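Trainee: Based on what follows, work out the 3D shape:
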Amino acid sequence: MSREVKGRIRSPGVLLGVLLLAAAPGPAEAGDASAGLLLRRARYAIAEGRAAEATQALRDVRVKEPATRRGLEAALLLADVEFSRGDGKAADRVLAVAERDFTDGDAGAQLLLARGWLALARQDATAAQRHFDLVTARSGHRFTGELAQLGFAWARLVAHERPAQVPAELTGLLAGASDPALRVAAGLTLARAHAARGEHKQALRRLRALRRSVRGSSFGDDVDLAIGIAQLDMGAPAAARKTFAALGESTTVAAGTASVASGLTLADLRLSPQDFVARLGGLYAARADKGVGVLAFLVATLDRPAAADAAAARSLADAAVAARKEA
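Mentor: Numbering: from 1, shown residues only. Have a look, this model is predicted:
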């Protein structure tokens, strides 16, 4: 489903851009332009911040065409509008009602994915796991299943402060996910999960495997930064300093580029896996462009200007080296 373009991935969003995975328009849609007009009005209203007008237009579409592609799009848009207004339960109700009209196939899977990711964004791990677990029974699309696996693994981390083992789903995605963004998301989380358990060598091994799998893409510097952080966490500040120095020399940053452009900071990359997932969920829920789906969000968030953090990270390593000398 996804395409890698110059190291970056462009793909339909999960909440608002899932329609390429849904069924083709049925005969009921062909002659009815009013639902399409209402959708256009709703999109303009959302872009201009007129939530009440958008909500009414989208509800009208759902009444007119509950079981068509436009009806599915309206449900996904309406859920995002409700969630943006801070009403997560209303957003889930919209999607739950729409599920009755799409009980099977890819459209049903997309609604389950949407419910799962919204549940994850509000840190309802139990609901998220329930929705993600049902996705593969609805759709045979590999990419759809992989998004569900990632969400399920993250929900497991949120549900347990110290799981008995790292989620196996993350290991599988790191090894063979179809999209580099999914491999990076799985690999970074997996490394933090190992580090939280004191398994620093395993964390470093996972990251080096990830580095090989994304070679040639724009994620390489992000993984290098994570490798340096892992070395720092395992008590090898000299090795970390060398990694950060190489990162700073091998990449350049445009003037004025901020390290927080993606929303993630250097401090975020050192969070526990549970807090890291919660941070990503919060960023997803707060994204300004509601047309950005899960995959595009992961690309924009995880593909950071890592070189901007190289100097600050090296300072951390220098401080750790100095502390060792004084000890």
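
Trainee: Would you mind naming the helix or strand containing Ala320?
Mentor: Assigned by DSSP states H and E, Ala320 belongs to helix 310-326.

Trainee: got the buried residues for that helix?
Mentor: Buried positions in helix 310-326, judged by neighbour count with 16 or more other C-beta atoms under 10 Å: Ala310, Ala313, Arg314, Leu316, Ala317, Ala320. For the C-beta atoms, the positions are set from N, CA and C on the backbone; glycine is no exception.

Trainee: what's the answer for stretch 169-184, then?
Mentor: Neighbour-count burial for stretch 169-184 [16+ other C-beta under 10 Å]: Glu169, Leu170, Thr171, Leu173, Leu174, Ala177, Asp179, Pro180, Ala181, Leu182, Arg183, Val184.

Trainee: Between the residues you listed, which sits nearest Ala42?
Mentor: Ala181 (28.4 Å; C-beta to C-beta).

Trainee: does that closest one really touch Val299, like I thought?
Mentor: Yes. Taking contacts as C-beta atoms under 8 Å, Ala181 lies within contact range of Val299: 4.8 Å.

Trainee: From the contact counts, what lies against the helix or strand Asp106 falls within?
Mentor: Assigned by DSSP H and E, Asp106 falls within helix 105-121. If you count contacts as 3 or more C-beta pairs under 8 Å, 6 or more residues apart in numbering; DSSP states H and E, helix 105-121 packs onto helix 69-84, helix 88-99, helix 125-138, helix 142-159, helix 273-285.

Trainee: Now do it, average pLDDT.
Mentor: On average, the pLDDT along helix 105-121 is 91.

Trainee: now the angle between helix 88-99 and that helix, please.
Mentor: 170 degrees (axes from the mean of the first three to the mean of the last three C-alpha atoms, to 10 degrees).

Trainee: Just the C-alpha atoms of helix 105-121, please, in CSV.
Mentor: Output of helix 105-121 as CSV, limited to C-alpha atoms (Å, rounded to 0.1, in the frame of the first residue of the first chain):
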residue,chain,number,x,y,z
GLY,A,105,-14.3,-6.4,4.7
ASP,A,106,-11.7,-3.7,4.5
ALA,A,107,-14.1,-0.8,5.5
GLY,A,108,-14.9,-2.6,8.7
ALA,A,109,-11.2,-3.1,9.4
GLN,A,110,-10.6,0.6,8.9
LEU,A,111,-13.2,1.5,11.4
LEU,A,112,-11.7,-1.0,13.9
LEU,A,113,-8.3,0.5,13.3
ALA,A,114,-9.6,4.0,13.8
ARG,A,115,-11.3,3.0,17.1
GLY,A,116,-8.1,1.3,18.2
TRP,A,117,-5.9,4.3,17.5
LEU,A,118,-8.3,6.7,19.1
ALA,A,119,-8.5,4.5,22.2
LEU,A,120,-4.7,4.4,22.3
ALA,A,121,-4.6,8.2,22.1
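
Trainee: What are the buried residues along it?
Mentor: 106-121.

Trainee: Now do it against helix 273-285, angle only.
Mentor: Using the same axes, to 10 degrees: helix 105-121 against helix 273-285 is 120 degrees.

Trainee: right, and Asp268 touches Arg279 too?
Mentor: Yes. If you go by C-beta under 8 Å, Asp268 and Arg279 touch, sitting 5.4 Å apart.

Trainee: just to revisit the earlier point, give me the subset of the buried residues of stretch 169-184 lying in helices.
Mentor: Using DSSP state H, the members of these that fall within helices are Glu169, Leu170, Thr171, Leu173, Leu174, Pro180, Ala181, Leu182, Arg183, Val184.

Trainee: Looking at these, which is nearest Arg241?
Mentor: Val184 (23.7 Å).
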